[in-house]
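Trainee: give me a 3D structure for the following:
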Amino acid sequence: MTTTKIENIITKFLTNQVSASVLSQLEIWIQDPNNEKLFNQYVKINYVIEYNMKEFDSQKIKSKLLEAFAREKKEIKLKKLRKIIYYSAAAVVLGILTTTYFFRASLFNDPIAEPVIIVNNTIKAGTDKAKLTLEDGSVVTLEKDKIYKKDNVVSNGKELVYKNSNKAKSGLAYNYLTIPRGGQFQVKLADGTKVWLNSDSKLKFPVAFVEGRPREVELIYGEAFFDVSPSREHKGAKFKVLNKDQEVEVLGTEFNIKAYKDEDKIYTTLVEGKVTVSGFNSKKYLVPNQQSIINLKNGNITINLIDAYNEVLWTKRIFSFKSKTLKEIMNVMSRWYDVQVVFKNAELEKVKFNGVLSKNDDIKEILTIIKKTNFINEYEIKDQKITIK
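Mentor: Numbers count the residues shown, from 1 in each chain. Below is the predicted model:
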């Protein structure tokens with residue numbers, strides 16, 4: 001396969017225009033890890049060219065960007081790429097925050113202020129961990145690479161799996177899965193529904209469901225992505241996700257709910273299928289790529305058209321920020337890295353960024369990337385507290 005052809009396929013892939021047959025060509029072509037550099041470089045440069053051409057209408061800048069693209073392409077020989085799947089492709093992208101700085105610094109030679117104060121930096125990226133509260137009130141610590149087994153449930157340290165053969169005869173017994181700040185975990189419920197839980201989240205769910213009756217779980221707080229087992233496999237039983245301020249009802253679908261305790265809005269994003277969102281005496285119907293937002297201050301529900309793919313990248317260990325303020329970004333970071341973030345200048349909270357970053361990155365690397373955009377002068381890390389100046 002020629003370089004030009006594979007680049008065309010990658011471009012279509014990144015812009016969501018690739019068909020299943022074409023994607024299969026890319027998957028076949030991506031077998032050798034030695035070619036990861038080609039994929040990284042091609043994606044990185046194209047992201048930057050697109051971003052900078054929108055940001056600046058200057059022929060000089062366009063020319064320099066294209067020159068940089070051509071220069072980097074010459075340094076790379078075409079080899080086979082490692083096999084990837086659709087949702088994980090963005091994981092190899094270094095991100096617009098990184099690459100925007102790379103080109104801004106080289107194109108404009110902006111002086112970069114260097115003062116950074118780091119005292120006792122013990123901040124670590126989040127990992128797989130959770131607390132499981134059983135029906136008898138006992139608590140089990142679940143950790144990465146730690147095996148847990150008991151009766152109808154087993155965990156490999158990343159995912160909790162309940163036996164799908166279990167059927168509650170009458171009353172329901174509930175378990176709770178609590179994800180701390182700096183953690184994430186997955187659970188496969190007894191009906192086959194899969195749930196991804198983000199940092200600082202808590203889910204209440206039955207150990208087994210009563211056959212033929214609605215399947216109900218409660219997202220007490222936090223963020224969760226649901227891949228619901230279809231109702232047709234459960235004698236038509238609907239699936240409901242409850243929250244103190246809303247109810248989401250589905251037959252079988254994929255959707256994301258974000259309902260953090262420290263936020264005054266609840267976001268429900270539909271990836272596939274159909275759902276109804278009810279709250280404050282109002283009901284809305286969502287179709288794929290729609291997001292409902294419940295304003296907890298006034299009870300209003302609004303519907304926005306969005307790219308649902310970006311909203312669920314967190315399940316693939318990726319941060320995806322599209323026109324997000326620095327305050328919104330730092331809220332996400334504070335949960336994942338379990339830190340406190342303080343802004344010395346409130347105006348900095350409003351600055352907006354676009355970027356795709358790995359959740360495995362060191363917090364210092366991410367802060368340095370943001371700092372090199374020249375929006376912030378410096379930052380300070382002291383124990384579990386970050387001060388942005």
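
Trainee: run through the bridge partners of residue 388.
Mentor: residue 343, residue 379 (DSSP bridges).

Trainee: and it, what is it in contact with?
Mentor: For residue 388, the contacting residues are 326, 330, 341-345, 348, 367, 376, 379, by Cβ atoms under 8 Å, 6 or more residues apart in numbering. In this view, the C-beta of every residue, glycine as well, is placed from N, C-alpha and C.

Trainee: what's the answer for residue 176, then?
Mentor: 131-133, 202-205, 220.

Trainee: filter the contacts of residue 388 down to just the buried residues.
Mentor: Neighbour-count burial (16 or more other Cβ atoms under 10 Å) is assigned, among the contacts of residue 388, to 326, 330, 341, 343, 348, 367, 376, 379.

Trainee: just send the contacts of residue 176 back as JSON lines, with neighbour count and pLDDT too.
Mentor: JSON lines is the format used below for the contacts of residue 176 (neighbours: other Cβ atoms under 10 Å; pLDDT from 0 to 100):
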{"residue": "131", "neighbour count": "16", "pLDDT": "97"}
{"residue": "132", "neighbour count": "20", "pLDDT": "97"}
{"residue": "133", "neighbour count": "16", "pLDDT": "96"}
{"residue": "202", "neighbour count": "20", "pLDDT": "98"}
{"residue": "203", "neighbour count": "24", "pLDDT": "98"}
{"residue": "204", "neighbour count": "16", "pLDDT": "98"}
{"residue": "205", "neighbour count": "23", "pLDDT": "96"}
{"residue": "220", "neighbour count": "16", "pLDDT": "97"}
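
Trainee: among those residues, which lie within strands?
Mentor: In strands, defined here by DSSP state E, the members of the contacts of residue 176 are 131-133, 202-205, 220.

Trainee: list phi and psi for the closest residue to residue 190 other than its chain neighbours.
Mentor: Nearest residue to residue 190, sequence neighbours excluded (Cβ to Cβ, 6 or more residues apart in numbering): residue 162, at 4.3 Å. When quoted as degrees, to the nearest 10, the phi and psi of residue 162 stand at phi -100, psi 140.

Trainee: how close does residue 162 get to residue 146?
Mentor: 18 Å (Cβ to Cβ, to the nearest Å).

Trainee: those two - which one has more neighbours?
Mentor: More crowded of residue 162 and residue 146, by other Cβ atoms under 10 Å: residue 162, with 23 against 14.

Trainee: show me what contacts that one?
Mentor: 152-153, 187-190, 207-208.

Trainee: one more: residue 349?
Mentor: Residues in contact with residue 349 (Cβ under 8 Å, 6+ apart) are 325-327, 343.

Trainee: what about residue 305, how many neighbours?
Mentor: With other Cβ under 10 Å as criterion, residue 305 counts 9.

Trainee: so where do the strands sit in the stretch 251-389 of the chain?
Mentor: 254-259, 265-272, 275-279, 282-286, 290-295, 301-305, 318-325, 340-343, 352-358, 379-383, 385-388 (DSSP state E, counting those that start in this stretch).

Trainee: list the contacts of the second one.
Mentor: Think strand 265-272. 243, 245-246, 248, 253-259, 275, 277, 279, 286-296, 306, 308-309, 311-312.

Trainee: one more time with 6 Å
Mentor: Contact with strand 265-272 is made by 245-246, 248, 253-259, 277, 286, 288, 290-295, 308, 311, as judged by Cβ atoms under 6 Å, 6 or more residues apart in numbering.

Trainee: which among those residues count as buried?
Mentor: Using 16+ other Cβ under 10 Å as the burial test, the contacts of strand 265-272 include 246, 248, 253-259, 277, 286, 290-294, 308, 311 as buried.

Trainee: once you drop chain neighbours, what's closest to residue 262?
Mentor: residue 331 is the one closest to residue 262 (Cβ to Cβ, 6+ apart), at 7.8 Å.
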